[in-house]
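S.K.: Turn this into a model:
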Amino acid sequence: MVLVVNPGSKDSESQELRVNRTFHTDTEWATIADFWLPERIGEPKLLKIRLESHRFEVIKEELYVKEISVRYNRKSYRFPVRNYLYPYHPSRKSSKITDSRCPPYLLAQSGPGTIKHLTTEDFLVKAREHELNTIRGMVPWANQPSEEEEEDTTSGQLLQPNFTSLGYDELPRFLQFKDASGDAFQSLRKVGRKKMAMSMLESQLASLIGKGEEGSRLDSYEAFRKHLTAGGYDWNKEDMEQIMKIADRIHSDEELGRQMMCANNSIYLTKVAILHERWMGAVDNVPHHVFNGKKITDIVSSGKLFEVSASSLLDNVPHGGKANKLLAGFELQWYVAPSDCLLWVNEQGKLVPAVIRIENKVDGEEPTFWYPPPADTPTDHSDALSWSLAKMYFRCSDSQIYALLTHFCRAHAVNEVFAVASHRNLPSSHPVLRLLHPHIQGIIAVNAQARDLLVNPKSSAFSMFLSAGDHLPIAFDNYYKHEFNYQRLIVPEDLKSRGVDDMGGAYLFADDSTALWNALLRYASEVVELSYPSDDDVAKDRELQSWVLEMVDVGFAGFEDGAGFPRQLRDRASLSELITVIIFNISVFHAAVNFQCITVLGFYPNCPGVMIKSPPSQDEVITADRLWDSLPPKQIAFVQAHLANMLGSLSPVEKFYLPTVERNRGGLRDEVNMVCHEQLACVDRLSSSLRDIQNTITERNKETEIIYDVMNPTNVPLTTQA
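M.R.: Here you go, the predicted structure:
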């Protein structure tokens, strides 16, 4: 293949510079081609790059070009590319983008990136307009709302963000994964799906011979432990150790409190300033020992009462269980029972649960309230069993909210809006796109796969291990209408609104999130100030304004007030904040909620995704049989564990904020699409801040048995690819 580069200045172009060589196209390694430009051409500002095939070349593959440098007048000009080219033969009069999924040629500009209204050369303005028109045709929205639909936010339709209309195989090549690593990762996931398929087959055979329900029940914590260790799971040693530590603490209320602050769904913990009416039925009946004789009003006044009350996000979601026949060989209903929890900080400074509220709204049952027994109560006593069962119902409710809403809706679907709007409105020479580039790569591809596997209406993976999995659109609609908004994505604002911005080091999710948010905000602000001389330049940047407007009017079409996102950017501070929201949500937030699911969901009684009995009535005496009969067949636990392992595993294509030689992980410095020294100095200062955060987390974990390092910068991927 021949790489053809045509550099030129405003008034003249060089002859084509042709590099005829064998390129490595089947790996993620980049091609860097060096050119010496004749002096008569002048300073190079724009490259037109294409790839030609030889006449008799049969096998053709895309070529990934990372960067091209041009040498002129003893000075090197770096042109960041990071895109794919498909080889065309010169005899072809035209090329079809749909055939190759690559632009027919690439246009690249050198330097730190340019703002359109500050660009004086007409040929550079036309180049960025041409590039955007090409990309817009390659990255379409699934739905383009009309003016009437944009104005109407009360149409009654189920709400969800917009996304690209393309399946994974239809995506432009630059939006897909790198082939070699991506294929290897998908092959690993196929092994996991094969194991689940074999489990289903065994269940079907057992059903045919009349033994479908017999032997499918696990009736003790020890039985679940044995099932976990003998179930053919592919966890690494460190994950299994963490799972077993959680299993050892299954009766500990302190462990439940820890998971509300430091697990995969730690974003709903809220300080109670005034008791909500949902708790009125519990206040007068709280046993004396629960608060050690203290009045609940005094605990509220002291700022030590908290709640996790997100159960309304499951309103109107029917019971599920359609997959039970397929998975276990017999039909069974899976109950959706929205549940909430009151917690308090006790005399030992530990956050512990005090009241659990369970309500089977689907069947119109009254809410019930459950309290922890005295500390010396045997674990097999009815009071202890009722508390253990109540915690399972609460964690089951929390599991639905985590998997469907926290993880998929916020950490995946929302991010696609950011990526699609960025590609469609910001040319490759725009400094904001160059800043965002390493973070928006992969999210569209992984979401396209998720729409085929996780949320496909015909075969949703969520329906195989979650009670609410049969009715995803209803849960999604609840979240986007009542929970999701821009302010919740601004870490300091979110923590302050929940009253948990200063919990003295116990709320590790908040501490690590704040540290990383501050570092990323400084980084974004520095790059923005380098790119925009003044606030007025932000307001005048039409490409930037088009970006945020399309994000709101198309990406979040139908959301009330555009979900609170700005429809216009007037200054550098608001732009820096928006960039930080996008980078944080795509990278840090996704890592925090995704890469702990193996340890949290692995031991099924800790966080069951399914309960198969209606919640107990208030006066029901709970027995061990009642507790174990409420959990689903072991096949469901098997599926949850395998899916948690598959979804929570790092992809080989991941790149991280900080590199680690011993784990062969690349870092941000090698992935940024910025090339000027001042911008790279910003990256270096960010890396220095992140190393300080890394050291703090590493030292902290030396003193804890269950480590919390999911936001250690060496463990945080730059984007969402798993």
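S.K.: low-scoring pLDDT stretches of this structure, where are they?
M.R.: For the chain, the stretches flagged by pLDDT under 70 are 1-2, 6-17, 20-41, 55-59, 90-99, 145-157, 178-215, 231-234, 664, 722.
S.K.: elements contacting whichever strand or helix holds residue 518?
M.R.: Under DSSP states H and E, the secondary-structure element containing residue 518 is helix 508-531. If you count contacts as 3 or more C-beta pairs under 8 Å, 6 or more residues apart in numbering; DSSP states H and E, helix 508-531 packs onto helix 253-262, helix 431-440, helix 491-497, helix 572-584, helix 590-594, helix 677-701. In this view, the C-beta of every residue, glycine as well, is placed from N, C-alpha and C.
S.K.: Could you dump those helices into CSV and include distance to residue 4 and mean neighbour count?
M.R.: Output for the helices and strands packed on helix 508-531, formatted as CSV (distance: least, C-beta to C-beta, whole Å; neighbours: other C-beta atoms under 10 Å):
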stretch, distance to residue 4, mean neighbour count
helix 253-262, 54, 21
helix 431-440, 24, 23
helix 491-497, 47, 17
helix 572-584, 35, 22
helix 590-594, 39, 25
helix 677-701, 29, 16
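S.K.: so which of these gets nearest residue 404?
M.R.: helix 590-594 (11.9 Å; C-beta to C-beta).
S.K.: Touching the closest one from outside, list them.
M.R.: 264-267, 402, 406-407, 411-412, 415, 509, 512-513, 647-648, 710-711, 715-717, 720, 722 (C-beta atoms under 8 Å, 6 or more residues apart in numbering).
S.K.: I'd assumed residue 51 was in contact with residue 18.
M.R.: No - judged on C-beta atoms under 8 Å, residue 18 makes no contact with residue 51 at a distance of 10.7 Å.
S.K.: ok, those two, which is more surrounded?
M.R.: residue 51 (25 against 11; other C-beta atoms under 10 Å).
S.K.: Run the chain-centre distance for the strand or helix carrying the more buried one.
M.R.: Using DSSP H and E, the element containing residue 51 is strand 46-52. Counting by C-alpha atoms, centre = their mean, to the nearest Å, strand 46-52 is centred 35 Å from the centre of its parent chain.
S.K.: counting contacts, what elements does that strand pack onto?
M.R.: Packed next to strand 46-52, using 3+ C-beta pairs under 8 Å, 6+ apart, are strand 2-8, strand 63-72, strand 75-85, strand 106-109, helix 122-138.
S.K.: and the angle from the helix or strand hosting residue 396 to helix 253-262?
M.R.: Per DSSP H and E: residue 396 is located in helix 382-400. If you take axes from the mean of the first three to the mean of the last three C-alpha atoms, to 10 degrees, helix 382-400 sits at 10 degrees to helix 253-262.
S.K.: Show me what helix 382-400 is packed against.
M.R.: strand 339-345, strand 351-358, strand 368-370, helix 624-629.
S.K.: rerun at 10 Å
M.R.: Counting contacts by 3 or more C-beta pairs under 10 Å, 6 or more residues apart in numbering; DSSP states H and E, helix 382-400 is packed against helix 253-262, strand 305-308, strand 339-345, strand 351-358, strand 368-370, helix 597-602, helix 624-629.
S.K.: Compare those and give me the one nearest residue 457.
M.R.: Comparing the helices and strands packed on helix 382-400 by C-beta to C-beta, helix 597-602 comes nearest, at 23.3 Å.
S.K.: send the alpha carbons of that closest one over as PDB?
M.R.: The C-alpha coordinates for helix 597-602 follow below in PDB (Å, rounded to 0.1, in the frame of the first residue of the first chain):
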ATOM      1  CA  CYS A 597     -19.500  -5.500  40.500                       C
ATOM      2  CA  ILE A 598     -17.500  -8.700  40.500                       C
ATOM      3  CA  THR A 599     -16.800  -8.500  44.300                       C
ATOM      4  CA  VAL A 600     -20.200  -7.000  45.300                       C
ATOM      5  CA  LEU A 601     -22.400  -9.300  43.200                       C
ATOM      6  CA  GLY A 602     -20.300 -12.400  43.400                       C
END
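S.K.: That one packs against which elements?
M.R.: helix 237-248, helix 382-400, helix 634-647.
S.K.: Of all the helices and strands packed on helix 382-400, which one is nearest residue 564?
M.R.: Nearest of the helices and strands packed on helix 382-400 to residue 564, taken as C-beta to C-beta: strand 305-308 at 23.0 Å.
S.K.: Walk me through which strands the closest one pairs with, and which way each runs.
M.R.: strand 269-271 (antiparallel), strand 339-345 (antiparallel) (DSSP bridges).
S.K.: now the angle from the longest one to strand 351-358?
M.R.: Read it as strand 339-345. Using the same axes, to 10 degrees, strand 339-345 lies at 160 degrees relative to strand 351-358.
S.K.: Begin at 46 from now on, thanks
M.R.: Renumbered: residue one is now 46, and that last one reads strand 384-390.
S.K.: I figured residue 354 hits residue 316, correct?
M.R.: No - contact criterion C-beta atoms under 10 Å: residue 354 and residue 316 do not qualify, at 11.9 Å.
S.K.: Looking at these two, which has the bigger crowd around it?
M.R.: The residue with more neighbours, out of residue 354 and residue 316, is residue 354; 19 against 15, by other C-beta under 10 Å.
S.K.: In contact with the more buried one, which residues are there?
M.R.: 313-315, 317, 321, 323-324, 383-387, 402 (C-beta atoms under 10 Å, 6 or more residues apart in numbering).
S.K.: what about it, distance to residue 402?
M.R.: Distance check for residue 354 against residue 402: by C-beta to C-beta, to the nearest Å, it reads 8 Å.
S.K.: any shared contact partners between those two?
M.R.: 323, 324, 383, 384, 385, 386, 387.
S.K.: ok, the third one touching residue 355?
M.R.: Pointing back at residue 383 there. Yes - if you go by C-beta under 10 Å, residue 383 and residue 355 touch, sitting 8.6 Å apart.
S.K.: the more surrounded of these two?
M.R.: Taking neighbours as other C-beta under 10 Å, residue 383 and residue 355 compare with residue 383 leading, 28 against 25.
S.K.: Could you pull up phi and psi at that one?
M.R.: Torsion angles at residue 383 (phi, psi; degrees, to the nearest 10) stand at phi -50, psi 130.
S.K.: Could you list which residues are in contact with the residue lying closest to it once chain neighbours are set aside?
M.R.: Spatial nearest neighbour of residue 383, chain neighbours left out: residue 356 (3.3 Å); criterion: C-beta to C-beta, 6 or more residues apart in numbering. Contact partners of residue 356, counting by C-beta under 10 Å, 6+ apart, are 313, 323, 381-386, 402-404, 406, 412, 439, 442-443, 445-446.
S.K.: if you set the cut-off to 6 Å instead, what comes out?
M.R.: Counting by C-beta atoms under 6 Å, 6 or more residues apart in numbering, residue 356 touches 383, 384, 385, 442.
S.K.: Now for residue 167, how many residues are close by?
M.R.: 9.
S.K.: still on that earlier bit, could you dump the helices and strands packed on helix 427-445 into TSV with distance to residue 498 added?
M.R.: Shown next, in TSV, are the helices and strands packed on helix 427-445 (distance: least, C-beta to C-beta, whole Å):
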stretch	distance to residue 498
helix 298-307	27
strand 350-353	29
strand 384-390	28
strand 396-403	31
strand 413-415	36
helix 642-647	16
helix 669-674	31
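S.K.: out of these, which comes closest to residue 424?
M.R.: helix 669-674 (9.8 Å).
S.K.: Show the secondary-structure elements that the closest one is packed against.
M.R.: Of the remaining helices and strands, none touches helix 669-674 by 3 or more C-beta pairs under 6 Å, 6 or more residues apart in numbering; DSSP states H and E.
S.K.: what comes into contact with it?
M.R.: 264, 430, 434.
S.K.: What separation is there between the last one and residue 469?
M.R.: To tie it back to what came earlier, the one meant is residue 434. According to C-beta to C-beta, residue 434 stands 50 Å off from residue 469.
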